[in-house]
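>>> sequence first, then the predicted structure, then my questions.
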Amino acid sequence: MNSPSGSDVLAATAAAPPTVRLAQRIDWGLLVLRVLLAGSLLLLHGWSKALQLFEPGPVRFADPLQLGELPTLVLAVLTEGVAPVLVMAGIATRWAAAAATATMAVAFFFVHGAALTGEESGELAFLYLIGFLVLTITGGGRLGLDAGIDRR
């Protein structure tokens, strides 16, 4: 069975009982969270990291887990460039959000020393961590491509 389209959900909202309307609002809220959170991670961080892969010369990138600069950059591109695209579309949402959560945890705890204030503040990494953790727990909702897969 196909996933409901946005217009189908809106049309059903007015006639639905309160519990159904709440579920629909939650689905719309998860869609907004997915698109804005993942879109900002992709545009503000993932894209520039992806471009670094094609720069001439040796890779210069933070390596907090001592994996090597190039492997760490590749992992960052996957979790800040590819995973957000999957999250926005609602494809493998929990897995992609879990990958982004792990990266943001490394950024917050290892790179920024769990600081929420000061010069080396990891406030933004912390906010991404929280948002992607929520999506890891909840999934993407019924307004993502996962919804059609989960119904089979």
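That came in fine, so what should we check first?

>>> shaky segments in the chain?
Where the chain drops to pLDDT under 70, the residues are 1-15, 149-152.

>>> quick one: the helices in it?
For the chain, the helices defined by DSSP state H occupy 6-13, 18-41, 47-52, 69-77, 83-89, 93-106, 123-138, 145-150.

>>> other SSEs contacting the third one?
Read it as helix 47-52. Judged by 3 or more CB pairs under 8 Å, 6 or more residues apart in numbering; DSSP states H and E, the packing partners of helix 47-52 are helix 69-77. The way it works is simple: take the backbone N, C-alpha and C, and place the C-beta from them, glycine included.

>>> mind putting the helices of the chain in CSV, mean neighbour count and distance to Arg60 included?
CSV is the format used below for the helices of the chain (neighbours: other CB atoms under 10 Å; distance: least, CB to CB, whole Å):
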stretch, mean neighbour count, distance to Arg60
helix 6-13, 12, 44
helix 18-41, 16, 22
helix 47-52, 14, 8
helix 69-77, 17, 7
helix 83-89, 23, 23
helix 93-106, 22, 18
helix 123-138, 18, 20
helix 145-150, 16, 37
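
>>> in JSON lines: those, plus distance to Ala114.
Formatted as JSON lines, the helices of the chain follow (distance: least, CB to CB, whole Å):
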{"stretch": "helix 6-13", "distance to Ala114": "39"}
{"stretch": "helix 18-41", "distance to Ala114": "20"}
{"stretch": "helix 47-52", "distance to Ala114": "22"}
{"stretch": "helix 69-77", "distance to Ala114": "19"}
{"stretch": "helix 83-89", "distance to Ala114": "23"}
{"stretch": "helix 93-106", "distance to Ala114": "10"}
{"stretch": "helix 123-138", "distance to Ala114": "8"}
{"stretch": "helix 145-150", "distance to Ala114": "32"}
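
>>> and stretch 61-68, C-alpha only, in PDB?
Only the C-alpha atoms of stretch 61-68 are listed here, as PDB (Å, rounded to 0.1, in the frame of the first residue of the first chain):
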ATOM      1  CA  PHE A  61      40.800  17.300   9.300                       C
ATOM      2  CA  ALA A  62      40.200  16.900  13.100                       C
ATOM      3  CA  ASP A  63      40.700  13.300  14.200                       C
ATOM      4  CA  PRO A  64      39.400  13.000  17.700                       C
ATOM      5  CA  LEU A  65      39.100   9.200  17.700                       C
ATOM      6  CA  GLN A  66      42.500   8.600  16.100                       C
ATOM      7  CA  LEU A  67      41.100   6.900  13.000                       C
ATOM      8  CA  GLY A  68      43.200   8.900  10.600                       C
END
